[in-house]
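Engineer: Provide a 3D model corresponding to the input given below.
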Amino acid sequence: MSTVGVVTGGSFGIGRAIVSHLNLQGVFTFNLDKTKLETDVPNTLGSTILCDIKNSDAIDHAFEVIKKQTSTIDYLVLNAGVHEYAVADEIEDAHFEHLLSTNLKGNLLVLKKVLPFMKAKLAGSIVIMGSDQSLIAKKRSTIYGVTKAALAHLAKSTALDYAPYNVRANCVCPGAIDTELCQAAIQKTADLLYEGRTEKVIKAIQNSTPLNRLGKPEEVAELVGFLLSNKSSYITGAVIPIDGGYTIQ
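Structural biologist: You can find the predicted model right below:
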């Protein structure tokens, strides 16, 4: 293996596009996800390790598998995440724990496993998947926003602490991207507000976005690929929106 990457949550949506992009660049990618990668990903190179990152034992097992196949990890993308709608006084304990253990704790535990590989090599590049809610607040999204803001800070702290080892870390903050998760959110909003008329929700998103459209997973993957590569060798600790201009307003 020449270049090796680890991606969390790479079986669907943005994660799937990232795995596909890395495959096309010749990166052997370990995808840590609860479900297998869809079989139509172009030029699939690497493997999916079934792993629920909420479970530390599952993470331990995943890295036992990885260590049997490689002694180096060059890239890490912390992409796994979940969403729950709720304001602060409505969030249930189970939902709170689900968000924190997946979005924050699980990704942090994977980061902890990968950093020794990068320190030993004195090289590595990390991209952490934030959200437009790393930068701004949205209604009825309190705990999700808290986790995504924390991930942006994690990228900055990691960049600062591991710069002496030539390890870079950046945070990418997508807005409305046309994925399965986004479509589910659109449907839920349509059911709540517009009698199921999803076109009204899509129109509202377009109207609130200066570029007047949803983003594509492949566009996020291109940015992630750039930040992982040596083309961005002087960029670290950055929190970068990719949201069609939504957060500049």
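Engineer: Just the element for residue 221, please.
Structural biologist: Element membership for residue 221, per DSSP states H and E: helix 217-228.
Engineer: Give me the next element, helix or strand, following that helix.
Structural biologist: Next element after helix 217-228 (DSSP H and E): strand 239-242.
Engineer: who touches that following strand?
Structural biologist: Here strand 239-242 makes contact (Cβ atoms under 8 Å, 6 or more residues apart in numbering) with 130, 132, 134-135, 152, 155-156, 170-175, 215, 219-220, 223, 227, 247-248. All C-beta spots, glycine's among them, are computed from the backbone N, C-alpha and C.
Engineer: Mark which of the residues you listed are part of helices, please.
Structural biologist: With DSSP state H as the criterion, helices contain 152, 155-156, 219-220, 223, 227 from among those.
Engineer: Nearest to residue 7 among the residues you listed?
Structural biologist: residue 220 (12.5 Å; Cβ to Cβ).
Engineer: Look at residue 168 and give its secondary structure.
Structural biologist: Remark: residue 168 carries the secondary structure label strand [criterion: DSSP: H, G, I helix; E, B strand; the rest coil].
Engineer: So which elements touch the helix holding residue 221?
Structural biologist: Counting contacts by 3 or more Cβ pairs under 8 Å, 6 or more residues apart in numbering; DSSP states H and E, helix 217-228 packs against helix 13-24, strand 75-78, strand 124-129, strand 167-174, strand 239-242.
Engineer: Show me which of the ones you listed has the highest average neighbour count.
Structural biologist: When these are scored by mean count of other Cβ atoms under 10 Å, the highest mean neighbour count falls to strand 75-78 (a mean of 29).
Engineer: and the helix or strand just after that one, what does it pack onto?
Structural biologist: Stepping forward along the backbone from strand 75-78, the first helix or strand reached (DSSP H and E) is helix 93-99. Of the remaining helices and strands, those touching helix 93-99 by 3+ Cβ pairs under 8 Å, 6+ apart are helix 142-162.
Engineer: What residues of the helix it packs on count as buried?
Structural biologist: 142-152, 154-156, 158-159, 162 (16 or more other Cβ atoms under 10 Å).
Engineer: Against the centre of the chain, work out the most remote residue.
Structural biologist: Using Cα atoms, centre = their mean, the residue of the chain lying farthest from its centre is residue 195. It sits 31.4 Å away.
Engineer: Sweet, I'm off.
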